[in-house]
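Q: Okay, sequence plus prediction incoming.
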Amino acid sequence: MNNLNEKEKMLRGEIYDATDELLIQERERAKDLCFEYNHLQPSKIEERKTLLKDLLGKTKESFHIEQPFYCDYGYNIEIGENFYTNVNVVILDCAKVTFGDNVFIAPNCGFYTAGHPFDVEQRNKALEYAYPISIGNNVWIGAGSSILPGVTIGDNTVIGAGSVVNKDIPANVLAVGNPCKVVREI
């Protein structure tokens, strides 16, 4: 018998109930912080950085996240040194999302750890799963790209604009497309 609560199930990659009261409260906190962040004046760099350090699970010293920015929980996001993301980035961090050092993300990208069962009865009960995403060091992700649950992108890789990354991408390559595929080594 499984005695895990819904948050524990979520963090273990098991099917969980997204309507659980604790998870709703944690999402509301993160959304309130995102709202506050997105409404700060862009010139208030230190206030923005302080708020992000409160929201995100782990940061280094040098990072910049353009507004607007959205996430589900925040505490599952870890960013490395010299991290930059442009506008309209969404990170659905129901599982851990880890970014290495020197990661650059273009506008309108999404990192989606959450998914829903194909079984209609489970899906209609608001059940979901979440698998971690890992982005290596020195990675550039082009505009409008979607990174799906469970994906790892290796060091020094470039993901071309508009890509849908549904499988792991190795280090030192250019990959692009829907679905995203390796084009060549770099």
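A: Yes, it's here.
Q: what's near enough to touch the residue nearest to Tyr112 when sequence neighbours are not counted?
A: Excluding the flanking residues, the one nearest Tyr112 by Cβ to Cβ, 6 or more residues apart in numbering is Leu92, at 4.8 Å. Heads up, the C-betas are built off the backbone N, CA and C, glycines and all. Contacts here follow Cβ atoms under 8 Å, 6 or more residues apart in numbering; on that basis Leu92 touches 71-72, 110-114.
Q: got it, and Ser134?
A: The neighbours of Ser134, taking Cβ under 8 Å, 6+ apart as the test, are 96-98, 151-153.
Q: Could you look up the SS state of it?
A: The three-state label given to Ser134 by DSSP: H, G, I helix; E, B strand; the rest coil is strand.
Q: now swap in the one 10 residues further on and tell me
A: Secondary structure assignment for Gly144 (three-state DSSP): coil.
Q: same thing with Lys7?
A: Three-state call for Lys7 (three-state DSSP): helix.
Q: Equivalent analysis for Asn178, please.
A: Using three-state DSSP, the structure places Asn178 in coil.
Q: How about the contacts made by it?
A: 162-164.
Q: tell me which of the residues you listed is nearest to Ile15?
A: Val164 (23.6 Å; Cβ to Cβ).
Q: how close does the closest residue to the closest one other than its chain neighbours get to Val139?
A: Leaving out its chain neighbours, the residue that sits closest to Val164 by Cβ to Cβ, 6+ apart is Asn178, at 4.2 Å. As judged by Cβ to Cβ, to the nearest Å, Asn178 and Val139 stand 19 Å apart.
Q: for Cys109, same thing?
A: Using Cβ to Cβ, Cys109 is found at 12 Å from Val139.
Q: and the top helix by length along the chain, average pLDDT?
A: Criterion DSSP state H: the longest helix present in the chain is helix 21-38. In this model, helix 21-38 carries a mean pLDDT of 98.
Q: One more: stretch 147-161?
A: 98.
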